[in-house]
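Visitor: Next come a sequence and a model predicted from it.
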Amino acid sequence: MEIVFSSRHESEPQAWVNALQQALPEHQVRAWDEGRPSGQAQMAVVWAPPTALFQHEPRLTHVFNLGAGVDALLPLPGMPDDITLVRMEDGGMAVQMAEYVLHYLVRVSRDLDRYAELQAQACWRPLPDIDRDAWSVGVMGAGVMGARVAQACAALDYPVAVWSRSGRPVPGAQVYAADQLDQFLARTRVLVNVLPLTDQTQGILSQALFDQLLPDAYLINIARGAHLVESDLLASLQAGRLRGAALDVFAQEPLPAHHAFWHDRRIHVTPHVAGASLLSLSVQQIADKIQALGRGEAITGVVDRSRQY
Ligand code: NDP
Ligand code: OXD
C-alpha cells in the first residue's frame, strides 16, 4: 500500500516520512509531491494539506490528521465524504497542554507577575497567602486534552470542574453537561477552553459568557482563535470583568504585528505552541492504527463528521 505524507507546517517532512517508513516497512511511504502525484495513495498523513491532494489521489480511504483538531481539514474543498478522517489522540500534546495551563494558573493565583514587578523595584514584600478555594478552575471540553488539564489542576488542589457535551466524567473534577453551562460558569474563576472548533462552539468565548464568571476572572484559550470574540475580550478586560488572559491561538495566525493583544500587559501571547504533536509518539500511534486496519480491526479517533470533531 502507498501512504503519502503532506504537512505545510512541518519544516522537516522527510524526518516524518522516514519514521513512518521505519514503523511500516511493509508499506511504501513517501512525501506527497503536487507536481508528481502517483494517484495510487490509499492513506495520507497530513496537517493542512493542499486541496490538490484529494483531486490527484482518488484512491484515498483514510486520512490521518497530525493534530487533534480537524477544523481546518473538514472544510477543505474536494475531500470525498467517504474518506475516513482520523485525528491525533494525545500524541504527546496533552501533558504539554496541562503544563501550559498550570503555568498561567499558578502565575496568576500565586501573584508571580506582581513579585516580578516588586523585584524590579528591589522590594521585599510578601503578598497575602493563596486562598486556593477562590481560584476555581473551569475546563470547557473533557476530551483527551481537557481531561488531562483538569486532572493536572486538581492534583494541585484547585477546585476543578469540566463542562462537555455529554457530561463525560473526569476523576477529581465536578462534571457539568451541555445544558448546565450557566451553573458551570457561575462557579468558575479561571476559565480554560479546550473545545474543538465547530459550528456550535465558534464564538463561544464572548462577553455574555465572561459576564457569568466569578469576579476577577482569568481566561486561558488553548483551543482555537475562532472560539473567542476578540473585541469582547478587550471590552471585558477594560471593564475590569476579566483580570487577564493567556492566549495560544488566534483568529489570524500568525497574530499580526499591529494586533492589540501584543501590546496589552494583561494578555500573555504564545504562538500556537501549547501542545505540539511529538514525532515518535505520533508516528507510533498512526502506524499502530494502520496495522490494526490491516488486520480488519476497528480504530479509535475516527472523526464524526456530523459533530465536526
Ligand atoms: P476531544 O475530541 O478528545 O474532546 C473534545 C471535548 O469537547 C469533548 O469532551 C466533547 O464532549 C467536548 N465538546 C465538543 N463539542 C461540544 C459542545 N458543543 N459543547 C460542549 N462540549 C463539547 O478533543 P481533544 O481534547 O483532543 O482536543 C480539543 C481541541 O484542543 C482540539 O480540537 C484543538 O482545537 C485543540 N488543541 C489545541 C492545541 C494547541 O496547541 N493549542 C493542541 C491540541 C489540541 P464529549 O466528551 O461529550 O464528546
Ligand atoms: C491541534 C493543534 O489541533 O496543534 O493538534 O492545534
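Guide: Structure received. Just so you know, these numbers come straight off a predicted model, no measurement behind them. Ligands and ions are numbered 1, 2, ... in the order given.
Visitor: The residue most central in space within the chain: which element?
Guide: Geometric centre of the chain, nearest residue: residue 223, 3.9 Å, by C-alpha atoms, centre = their mean. For residue 223, there is no host helix or strand (DSSP states H and E).
Visitor: before we move on, what about residue 53?
Guide: With DSSP H and E as criterion, residue 53 is part of helix 52-56.
Visitor: Next: residue 20.
Guide: helix 13-23.
Visitor: So for that helix, mean pLDDT?
Guide: Across helix 13-23, the average pLDDT comes to 96.
Visitor: And it, what does it pack against?
Guide: On a contact count with 3 or more C-beta pairs under 8 Å, 6 or more residues apart in numbering; DSSP states H and E, helix 13-23 meets strand 2-7, strand 28-31, helix 279-294. (Each C-beta comes from the backbone N, C-alpha and C, glycine too.)
Visitor: Around ligand 1, which positions in the stretch 201-309 of the chain sit nearby?
Guide: For the stretch 201-309 of the chain, the residues in contact with ligand 1 (C-beta under 6 Å from any ligand atom) are 201, 222, 223, 224, 248, 249, 272, 274, 275, 309.
Visitor: please redo it, this time with the cut-off set to 8 Å
Guide: The stretch 201-309 of the chain comes close to ligand 1 at residues 201, 204, 222-224, 248-249, 272-277, 307, 309, as judged by C-beta under 8 Å from any ligand atom.
Visitor: Smallest gap between the stretch 51-200 of the chain and ligand 2, at which residue?
Guide: Closest to ligand 2 within the stretch 51-200 of the chain is residue 67: 2.8 Å, counting by C-beta to the nearest ligand atom.
Visitor: where does the protein come near ligand 2, residue by residue?
Guide: Within the chain, the positions lying close to ligand 2 (C-beta under 8 Å from any ligand atom) are 65-71, 87-88, 91, 93, 223-224, 249, 272, 274-277.
Visitor: Of those, keep whichever come out buried.
Guide: By neighbour count, with 16 or more other C-beta atoms under 10 Å, the residues of the chain next to ligand 2 hold 65-71, 87-88, 91, 93, 223-224, 249, 272, 274-275, 277 as buried.
Visitor: Cross those against helices and list the overlap.
Guide: Mapping these onto helices (DSSP state H) picks out residue 93.
Visitor: Can you tell me, leaving aside adjacent residues, what's nearest to the closest residue to ligand 2 within the stretch 101-250 of the chain?
Guide: Residue nearest to ligand 2 within the stretch 101-250 of the chain: residue 249 (7.0 Å; C-beta to the nearest ligand atom). Leaving aside its chain neighbours, residue 249 sits nearest to residue 225 (4.5 Å; criterion: C-beta to C-beta, 6 or more residues apart in numbering).
Visitor: what's the residue of the stretch 101-250 of the chain closest to ligand 2 in contact with, if anything?
Guide: 221, 222, 223, 224, 225, 227, 272, 274 (C-beta atoms under 8 Å, 6 or more residues apart in numbering).
Visitor: Isn't the first one up against residue 229?
Guide: No - with contact defined as C-beta atoms under 8 Å, residue 221 does not reach residue 229; the gap is 11.2 Å.
Visitor: list the residues that contact both of the two?
Guide: Residues touching both residue 221 and residue 229 by C-beta under 8 Å, 6+ apart: residue 205.
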